[in-house]
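Enquirer: Quick check, what structure comes out for this input:
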Amino acid sequence: MTATRILLVDDQPMIRTGLRLILEAEPDLTVVGESGDGLAAIEDTRSLQPDVVLMDIRMPRLDGVEATRRILETPSATRVIILTTFDLDAHVLDALRAGASGFLVKDGPADSLVEAIRTVASGEAVISPRVTRRLLERFAALPEPVPAPPSLNALTEREMDVLRALTRGLSNAEIAAELFVSEATVKTHVAHILDKYHLRDRVQAVILAYDTGLALPSTPTRP
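Expert: Just a heads-up that it's a prediction; the model follows:
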């Protein structure tokens, strides 16, 4: 089994050391490098070609949002998970729109970080449920949501239910239990949503839901 290659990006050496100790205790994960700022992260990603970059947001020379944007604007298999000290950093939406595949807080449990890396490396995306709740609160406080474009009418009622569930950070298994369908059915609905709007992953679907005002409470019904 080939280990997932990880680049650690944080301006604090102690944070990088702690992350390395956690990750290298896992047989399927390996840390291939460390970067102390966004510019170094871009260069190191280019030379090391990691599978996953753990990216801090607030750093000198170049912040994590712009570093993420520059890393992902070129063809690459590298994926980025944003790490921050704050539950809801002011730049989280910018980071996700820049193409990050996940967003986690640094004080979360170690096993959640490890699982997030495995999930993102497999092609999926993750956002901490705590972060999605805060995001929903922020969007709910806006005067008016952005009007949904007509093309969103292509979603079926069940796909709308799944999309709203994604905004709450629910896993496929949790969505399946809530909507009284199989996990395989949920995966199919998610795939249809991504395909219809040419989205890369679940995070981009969540951004779409927020931007169009679809991130509203819904009551699931039996099919």
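
Enquirer: mind saving the C-alpha coords of the helix or strand hosting Ala209 as PDB?
Expert: Assigned by DSSP states H and E, Ala209 falls within helix 202-211. Output in PDB follows, covering the C-alpha atoms of helix 202-211 (Å, rounded to 0.1, in the frame of the first residue of the first chain):
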ATOM      1  CA  ARG A 202     -18.900  18.200  -1.800                       C
ATOM      2  CA  VAL A 203     -17.200  21.400  -0.500                       C
ATOM      3  CA  GLN A 204     -18.000  23.100  -3.800                       C
ATOM      4  CA  ALA A 205     -21.600  21.800  -3.500                       C
ATOM      5  CA  VAL A 206     -21.900  23.400  -0.100                       C
ATOM      6  CA  ILE A 207     -20.600  26.700  -1.400                       C
ATOM      7  CA  LEU A 208     -23.200  26.600  -4.200                       C
ATOM      8  CA  ALA A 209     -25.900  26.000  -1.600                       C
ATOM      9  CA  TYR A 210     -24.800  28.900   0.500                       C
ATOM     10  CA  ASP A 211     -24.400  31.300  -2.500                       C
END
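
Enquirer: distance between that helix and the chain's centre?
Expert: Here the centre of helix 202-211 is set off from its chain's centre by 10 Å, with Cα atoms, centre = their mean, to the nearest Å.

Enquirer: helices or strands up against that helix?
Expert: Judged by 3 or more Cβ pairs under 8 Å, 6 or more residues apart in numbering; DSSP states H and E, the packing partners of helix 202-211 are helix 92-97, strand 126-127, helix 129-140, helix 157-167, helix 183-196. Every C-beta, even on glycine, is put in place using the N, C-alpha and C of the backbone.

Enquirer: Many thanks, we can stop here.
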